[in-house]
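>>> Predicted model follows, preceded by the sequence.
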Amino acid sequence: MATLGQDQVRSELSSLPGWRLSADGLAIEKQFVFRNFRAAFAFMTASALAAERMDHHPEWSNVYRKVDIRLTTHSAGGVTELDLKLAAAMEEAAGG
Ligand SMILES: C[C@H](O)[C@H](O)[C@H]1CNC2=NC(N)=NC(=O)C2=N1
């Protein structure tokens, strides 16, 4: 799958609140902050199921009620439509 240009990524991110292009320009990123660990982990579970359905997987870490996420398409070496789709699925999983 083809990588998207930085201008295209920025324009598509306007409909994904809190998401930004990474400093290296190769990924999109967001930190989610939940009410507590239970809510953070429920979000991760729902996101993991969406990721499996899409066969597209996040780089992420969790500390207590925060989840830091970086989405990139490893096989393409940058951001593709799949990353934007997974970000949208994660917004859904977060109740957005
Ligand atoms: C074989 C399998 O489809 C690939 O390894 C998939 C799995 N999940 C993936 N996830 C992400 N983020 N990038 C990939 O290139 C990727 N490749």
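Arrived safely. Residues are numbered from 1 along each chain as shown.
>>> interface residues of this structure facing the ligand?
Residues of the chain lying close to the ligand (CB under 6 Å from any ligand atom) are 55-57, 73-75. Where C-beta positions appear, they are placed from N, C-alpha and C, glycine not excepted.
>>> May I ask which helix or strand encompasses Ala2?
Per DSSP states H and E: Ala2 is located in neither a helix nor a strand.
>>> One more: Ala46?
Taking DSSP H and E as the criterion, Ala46 maps to helix 37-54.
>>> Output the contacting helices and strands for that helix.
Taking 3 or more CB pairs under 8 Å, 6 or more residues apart in numbering; DSSP states H and E as contact, the helices and strands that helix 37-54 lies on are strand 59-63, strand 66-71, helix 81-93.
>>> what residues does the first one touch?
Residues from elsewhere that reach strand 59-63, judged by CB atoms under 8 Å, 6 or more residues apart in numbering: 27, 40-41, 44, 67-72.
>>> residues of that strand that come out buried?
Going by neighbour count (16 or more other CB atoms under 10 Å), the buried part of strand 59-63 is 60, 62.
>>> what is the orientation angle of that strand with strand 66-71?
Taking axes from the mean of the first three to the mean of the last three CA atoms, to 10 degrees, one finds that strand 59-63 is oriented at 170 degrees with respect to strand 66-71.
>>> Restricting to C-alpha, output strand 59-63 in CSV.
Written as CSV, here are the backbone C-alpha positions of strand 59-63 (Å, rounded to 0.1, in the frame of the first residue of the first chain):
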residue,chain,number,x,y,z
GLU,A,59,2.6,0.4,18.5
TRP,A,60,1.4,1.3,21.9
SER,A,61,2.1,1.5,25.6
ASN,A,62,0.0,1.8,28.7
VAL,A,63,0.7,3.4,32.0
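>>> contacting residues for the residue nearest to Lys85 when sequence neighbours are not counted?
Leaving aside its sequence neighbours, Lys85 sits nearest to Met54 (CB to CB, 6 or more residues apart in numbering; 6.6 Å). Contacts of Met54 were listed using CB under 8 Å, 6+ apart, and they are 82, 85-86, 89.
>>> Just the buried residues out of those residues, in PyMOL syntax.
The following PyMOL line selects those of the contacts of Met54 that are buried, judged by 16+ other CB under 10 Å:
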select buried, resi 82+86+89
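>>> Perfect, I'm done here.
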